[in-house]
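[1] attaching a predicted model along with its sequence, questions to come.
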Amino acid sequence: ALRLSYLRAGGHDPDILDQLLHLQLEATVLEKGTAGLRRGRRMAPEAPPALPTEIPGTGPRGLDEALLTVELENKRLEDELLALKIRRERRADADSRAAQRHTEELAQLQAEMEMLRCHAEQTRPWMHRPILPSPIVRPLPP
């Protein structure tokens, strides 16, 4: 729940997400250990032995634990998917903002080029080519 609320609040720091995942795994291990201890106490010598046809781990408690494990894994995968979706959306937002910024810069540069082109045409003399005196040619040495 803590990891999910962190992601929903916009958290995306990989180190914090790793720490939250580590804490979730530790809690799962502790819960399994505590459930195993409780079951061990209940299975004291005075308890009747299991039926020979029963496969270990498939009794009601074994199925409950397996179901809990699958549910925890599903929750973890859902959290991971949510984190990936959030990252993808942020990347897409960043890409679209970058594209918009580049489009604006391109439009500004094109406007500046047009302004410079107009300015160059206004300052250009009206004659096509300036009339310059012909160059002086030196006489060739003998």
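    Looks like it came in fine.
[2] list the contacts for the residue sitting nearest the centre point of the chain?
    Residue closest to the average C-alpha location in the chain (Cα atoms, centre = their mean): Arg87, at 2.5 Å. With contact taken as Cβ atoms under 8 Å, 6 or more residues apart in numbering, Arg87 is in contact with His12. Placement of C-beta: from N, CA and C, glycine included.
[3] could you measure from it over to Asp93?
    Between Arg87 and Asp93 the computed distance is 11 Å (Cβ to Cβ, to the nearest Å).
[4] you'd agree Leu2 is up against Leu21?
    No. Distance between Leu2 and Leu21: 10.6 Å, which falls outside the contact criterion (Cβ atoms under 8 Å).
[5] neighbour count winner among these two?
    Leu21 (15 against 10; other Cβ atoms under 10 Å).
[6] name the nearest residue to that one, sequence neighbours excluded.
    Leaving out its chain neighbours, the residue that sits closest to Leu21 by Cβ to Cβ, 6 or more residues apart in numbering is Arg3, at 6.8 Å.
[7] quick check: what element follows the helix or strand bottoming out on mean pLDDT in the chain along the chain?
    Sorting the helices and strands of the chain by mean pLDDT, DSSP states H and E puts helix 14-42 at the bottom, at a mean of 72. Sequence-wise, the next helix or strand downstream of helix 14-42 (DSSP states H and E) is helix 60-123.
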